[in-house]
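>>> The following comprises the amino acid sequence and a computationally predicted model.
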Amino acid sequence: MVKGLNIFILLVVALFIGGCTPEADSPQQAKHSVETQVSLPAMPLLHIQPAIYDLGDIKEGEAAIATFIIRNNNDEPIEIVDVQAACGCTAAEPDSYLIPSGSFTQLKVAVDTTAKQQDIKKTVHITDSLGNKAVATLKFNVVDNPHANKVMQSKGIFEGNCASCHFEPLKSVSKGADIYALGCAMCHGVDATGAYAPALLGHTDAEGLSAIIAHGVGKPQMPGFAQENGGPLNPEQMHALVRWLMELPAEKDAKD
Ligand code: HEC
Ligand code: HEC
C-alpha cells in the first residue's frame, strides 16, 4: 500500500515537472536573451578585469596581492606606456608591455599592509600607446593580527581578544582529545610532541601533571587552565584531559 502510494506520488511529480519545464523555460530564455542584448556595454578598448578586486580580510603585515587582466580590444597592437600606482607602497607591473590586438597580459599588484588599518582602496592607472586609459582597483580590509609584534611575550593568552581563540573554545568540549586539540595543540604540537612549547609525553605522575595544568608555570603563555585559577576548564575537563595525556605513548614514534 505504502509502496503503491510512493510510486503514485513519483508519477505525479514526474508529470508535473515534465509538464512545467518547457513552459517555465521559454519565458526565462526569452528574458535572458533580451537582457544580454540590452545590457551588453561597448567593450572598453583597454579593458581591465576585474575593475575592482576585493581581497576581503588581510591580516596586518601580510601582503595584499591581486592579479588583473589587461585586455587589448583595439584593432591594432598597443604598448602600455604608463602605469601609475596611487601610492608608493603599491607594486604594479604588467607581465608584458606589448599587447597584440585581441590579446591580454596580466597585471600583478602588491601592497604591503604593515601598520595599515581597516578599509583600504588602491588604484592603478594604466595608459596605452593609443591614449586609452583604464583603472584597476584593489580593495581589502586590514584586520588585527593577534600574533604580530610578539605581543605574546608580555600578554597572557587568556586576556583581551586572545581569549576568543585560547580560552572560549575550551568551555564547550568534554573529551580529553578535544580539549587538547582546542587548548594545547597550538603550542605543544598536534600530537603533544612539542612545538612552541615542550612535548608533553612520558608523564608518569598524573597529580603532578594536573597541578601544572591547573596552576600554569607562572608565565603568561602557560597560565593556570583550571576554573579555580581563572582558566576555562572545570574539574571534569581537567580530569579527562590529564587522563588522555597519561595514555599517550611515552616517546615520539619513529618519526624522527
Ligand atoms: C584567531 C585566533 C587566535 C587569537 C585571537 C590568538 N591566538 Fe595565539 N594562537 C592561535 C593559533 C592557531 C596558534 C598556533 C600557532 C599558529 O598557527 O600561529 C597560536 C599560538 C600562540 C602562541 C604560541 C607561539 C606561536 O606564535 O605559535 C602564543 C604564545 C599565543 N598564541 C599567544 C597569543 C596571545 C598573547 C594572543 C592575544 C594577544 C593570541 N595568542 C591570540 C590562535 C590565536
Ligand atoms: C600559548 C601557548 C600554550 C598553550 C596554549 C598551552 N601551553 Fe603548556 N606551556 C607553554 C609554555 C611556554 C610552557 C613552559 C615552558 C617553560 O617551562 O619555559 C608550557 C608548559 C607546560 C607544561 C610543563 C611542561 C614541562 O615539561 O615542564 C605542561 C604540563 C603544559 N604546559 C601543559 C599544557 C596543557 C595540557 C595545555 C592545554 C590545556 C597547555 N599546556 C596549553 C605554552 C602553552
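Looks like it arrived, so ask away. This one's a predicted model, so the numbers in the text were calculated from it and none came from an experiment. Numbering: from 1, shown residues only. Ligands and ions are numbered 1, 2, ... in the order given.
>>> close enough to count as contact, Asp128 and Val81?
Yes: the criterion here is CB atoms under 8 Å, and Asp128 meets it with Val81 at 6.4 Å. Glycine gets a C-beta too; all of them are placed from N, C-alpha and C.
>>> which of those two has more neighbours?
Taking neighbours as other CB atoms under 10 Å, Asp128 and Val81 compare with Asp128 leading, 21 against 12.
>>> In contact with that one, which residues?
By CB atoms under 8 Å, 6 or more residues apart in numbering, Asp128 lies in contact with Leu46, Asn72, Asn74, Ile78, Glu79, Ile80, Val81, Ile99.
>>> Just to check, the first one is in contact with His125?
Spelled out, it's Leu46. No: Leu46 is beyond contact range of His125, at 10.9 Å (criterion: CB under 8 Å).
>>> Contacts for the helix or strand hosting Val242, please.
For Val242, the host element (DSSP states H and E) is helix 235-246. In this structure, residues lying in contact with helix 235-246 by CB under 8 Å, 6+ apart are 170, 173-177, 179-180, 184, 192, 200, 203, 206, 209-210, 213-214, 225-227, 233.
>>> What of stretch 68-82?
Applying CB under 8 Å, 6+ apart, the external contacts of stretch 68-82 come out as 43-50, 53, 94, 97-109, 124-130, 132, 134, 136.
>>> Would you list the buried entries among the residues you listed?
Neighbour-count burial (16 or more other CB atoms under 10 Å) applied to those gives 45-46, 48, 53, 94, 99, 104-105, 107, 109, 124, 126-129, 132, 134, 136.
>>> list the contacts for Ala199?
Contacts of Ala199 by CB under 8 Å, 6+ apart are His188, Gly189, Ala192, Thr193, Lys252.
>>> correction: Gly176
Contact partners of Gly176, counting by CB under 8 Å, 6+ apart, are Ala240, Leu241, Val242, Arg243, Trp244, Leu245.
>>> All set now, cheers.
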